[in-house]
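>>> Any chance you can model this:
(chains A and B)
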Amino acid sequence: MHRSLTMRKIERMSDQTRLPRLSAKESLILELLARHAELYGLQLVAESKGRLKRGTVYVTLQRMEEKGYVASRQEDAPPDVGGLPRRIYQPTALGRRVLVVWTKAARLMPEFAR
Amino acid sequence: MRRPGARLRAIASRLCSAQTLERVIDPLIADLQLEHADATRQRGAWKGRWIRLVAAVALFKVIVLCGGRAMMPLRDARADEHRALVRTIGFSAASMSVLATLLVMVVWRNTPGGTHALQALMVAYLIPQALPLAIPIGLTIGILFGFRGHVPSASSTRVVLTTAVSSSMISFAVLVWLMPSANQAYRQSVAESQGITLGHLRMGVNEMTLSELNNQIDTERRNSTAEPRFVRNLTFSYHQRWSLASATLLLALFALGVLAHRPPSRWILGMAVIGACSAYYASIMLGRSVALDGVVPAFVGAWLPNVVIGLLSMKLFERAWHHRDPIAT
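From the prediction side, this is the model:
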């Protein structure tokens, strides 16, 4: 039983042909989200002190959501303002793990992480 | 008064997919609306206007980015498109060769024997009469199987249509100049192979050039004793040269219309080819029959196949247009 579970784990590992990668913007977003737990897109732009742009942050967040690094949920529109409901983002467990691994790799081999 | 970002969202909804709208555009606009409300409340209307302008620039960047991401698979698809065009040329050339060979064999089978050199010469003389049918049908087969269920891009469509126009012009040159001379030379060779020595064989309808046909038609019309069926035959042949030349372009359009529906399997492609060729050939026969019998004017009978294929193509494009996907990233 133990042997067959091990074999199954090995088979599953061999299916993962590509290691997850993080771009500079993605790692910055994950760092900010890990620090603050959850943020709106505009708050990410503000917290990044200009390193994230208003237009591109949402595209990056969508891409990260597709990869499973972040999750999002819609909040109800503020009653006094109305309008569209806002979307708030938080890191997933996978996103946190990838950030940890990538940060360590960047420290050990900075040329690899660039 | 419209909420800030409403007009931007309306523009984006025409250009982006539902997913992009939900995950990228709406969060951007939702944040904009809150920011605009805060800015207007605390800093005044001009700050609110500045926020709107910044958001419009950001939205423009997003649309370009999303369009760029959509173009990335298209960049890889350019290699696919190139391969599809190469396949189209290959299939077209192969189909044209096979069809021309078959059409030559059909006539050559009934050719009386002679020396090997004379036989080879007769085969060569028969090739031009096969080309006006082999070229359009071969190109149609090439386009359908070359693209194999992919919808050609705009640039590939331009290449296909340019090829079709060029092929039509080659077909026209063959019909007008090469085929009449080759047919006449073939008849002379057959007579020679039978040991019949004639000064100069009288030209039949298929041995006349366009101007000779035109002159003959005028002569016969002025001749009160001319047989009406003969005059109709001459007129039909004259117009058929033009219609056969333009068939290449029309059949190419038909093929593009079939591809616009993304046929799922080669069987359906094959059926489309057989259907198109059968319809075209049947229309030629029908058109000739009704024209020679005087049921319709000769030029109507000659152009009937092109009208049939043209209407089929229009119907295919119309249906594809109605079922097209909205613009999406």
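>>> Tell me where chain B has helices.
B:6-15, B:18-20, B:26-43, B:45-108, B:116-147, B:154-173, B:179-193, B:210-222, B:228-259, B:266-292, B:298-322 (DSSP state H).
>>> as a whole number, average confidence for stretch B:16-24?
Stretch B:16-24 carries an average pLDDT of 82.
>>> got the phi/psi numbers for residue A:39?
Reported as degrees, to the nearest 10, the phi and psi values for residue A:39 are phi -150, psi 160.
>>> I should have written residue B:296 there, sorry.
Residue B:296 adopts backbone torsions of phi -130, psi 160, taken as degrees, to the nearest 10.
>>> hang on, isn't it packed against residue B:289?
No - the pair residue B:296 / residue B:289 is not scored as a contact, 10.0 Å apart, by Cβ atoms under 8 Å. From N, CA and C alone the C-beta is placed, and that goes for glycine too.
>>> From the chain's centroid, how far away is stretch B:146-155?
Computed by Cα atoms, centre = their mean, to the nearest Å, the chain-centroid distance of stretch B:146-155 equals 12 Å.
>>> what's the span of it, first residue to last?
For stretch B:146-155, the first and last residues are 15 Å from each other (Cα to Cα, to the nearest Å).
>>> Same question for stretch A:86-101.
Using Cα to Cα, the end-to-end distance of stretch A:86-101 comes out at 31 Å.
>>> Can you give me the buried ones in that stretch?
For stretch A:86-101, burial by neighbour count (16 or more other Cβ atoms under 10 Å in any protein chain shown) applies to A:86, A:87, A:88, A:89, A:91, A:92, A:95, A:98, A:99.
>>> could those go into CSV alongside pLDDT and secondary structure?
What follows is the buried residues of stretch A:86-101, written out as CSV (pLDDT from 0 to 100; DSSP: H, G, I helix; E, B strand; the rest coil):
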residue, pLDDT, secondary structure
A:86, 89, coil
A:87, 92, strand
A:88, 94, strand
A:89, 95, strand
A:91, 95, strand
A:92, 94, coil
A:95, 94, helix
A:98, 93, helix
A:99, 92, helix
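>>> got CSV for the residues you listed, with distance to chain B too?
CSV is the format used below for the buried residues of stretch A:86-101 (distance: Cβ to the nearest Cβ, whole Å):
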residue, distance to chain B
A:86, 4
A:87, 4
A:88, 9
A:89, 9
A:91, 17
A:92, 15
A:95, 16
A:98, 20
A:99, 21
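>>> So which of those residues is the closest to residue B:175?
residue A:87 (65.6 Å; Cβ to Cβ).
>>> If you rank every helix and strand of chain A by mean pLDDT, what lands last?
Here the helix or strand of chain A ranked lowest by mean pLDDT, DSSP states H and E is helix A:2-15, holding a mean of 59.
>>> wait, what's in contact with the residue positioned nearest the centre of chain A?
In chain A, the centroid-proximal residue (Cα atoms, centre = their mean) is residue A:69; its distance is 3.5 Å. Neighbouring residues of residue A:69 by Cβ atoms under 8 Å, 6 or more residues apart in numbering or on different chains: A:20, A:22, A:26, A:30, A:91, A:92, A:94, A:95, A:98.
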